[in-house]
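**Q** give me the fold of what follows.
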Amino acid sequence: MLPKKAKGGYVLVCGSCGYIKKAEKLEEYKMIRQAEKEEEIPVIDEGAKPVLPTAKIKCPKCGNYAAYWWLKQTRGADEPTTRFYRCTKCGHTWREYT
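**A** Below you'll find the model as predicted:
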């Protein structure tokens with residue numbers, strides 16, 4: 001939680017959800033350091049030709065029966081991975097939860 005100046009003193013504000021709490025003794029709080037965001041690694045570069053496996057699956061947008069696919073862990077480690085597809089014809093991307 002980060003200290004912010006407000007009417008009548010200081011409040012503590014959560015950087016994630018925005019929860020606000022009145023700070024009684026501001027000198028008891030100290031800023032250690034803000035966590036750095038992990039760099040998002042693109043799976044498919046928009047300009048490059050993908051070198052990914054293909055699957056025979058119908059594109060919901062154009063009806064084409066070929067799509068590139070890849071897996072990514074989008075939820076907790078104890079949950080199954082999410083399979084993403086990108087149509088080889090129109091480039092539409094969709095996901096399939098297993």
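
**Q** how about Glu96, secondary structure?
**A** strand (DSSP: H, G, I helix; E, B strand; the rest coil).

**Q** please name the bridge partners of it.
**A** Arg83 (DSSP bridges).

**Q** which stretches in the chain count as strands?
**A** 2-6, 9-13, 20-22, 54-55, 67-72, 82-87, 93-97 (DSSP state E).

**Q** where's the first one relative to the chain centroid, distance-wise?
**A** When distances are taken as C-alpha atoms, centre = their mean, to the nearest Å, strand 2-6 is centred 28 Å away from the chain's centroid.

**Q** about what we covered before: highest mean neighbour count out of the strands of the chain?
**A** Among the strands of the chain, strand 82-87 has the highest mean neighbour count (mean count of other C-beta atoms under 10 Å), at a mean of 19. C-beta coordinates here come from the backbone N, C-alpha and C atoms, glycine included.

**Q** so what are the domain limits for this structure?
**A** 1-30, 54-97 (automatic domain parsing).

**Q** so what's the residue lying closest to Thr88 once chain neighbours are set aside up against?
**A** Excluding its sequence neighbours, the residue lying closest to Thr88 (C-beta to C-beta, 6 or more residues apart in numbering) is Ala66, at 4.5 Å. Counting by C-beta atoms under 8 Å, 6 or more residues apart in numbering, Ala66 touches Thr54, Ala55, Lys56, Ile57, Cys87, Thr88, Lys89.

**Q** and the pLDDT for the third one?
**A** What it means is Lys56. At Lys56, the pLDDT value in this model is 96.

**Q** so what's it up against?
**A** By C-beta under 8 Å, 6+ apart, the contact list for Lys56 reads Tyr65, Ala66.

**Q** and it, how close does it get to Tyr85?
**A** Here Lys56 is placed at a distance of 11 Å from Tyr85 (C-beta to C-beta, to the nearest Å).

**Q** my guess is Trp70 contacts Phe84. True?
**A** Yes. At 5.4 Å, Trp70 counts as touching Phe84 under the criterion of C-beta atoms under 8 Å.

**Q** on that earlier part again, any idea how far the residue nearest to Thr88 is from Lys21?
**A** Distance of Ala66 to Lys21, computed by C-beta to C-beta: 54 Å.
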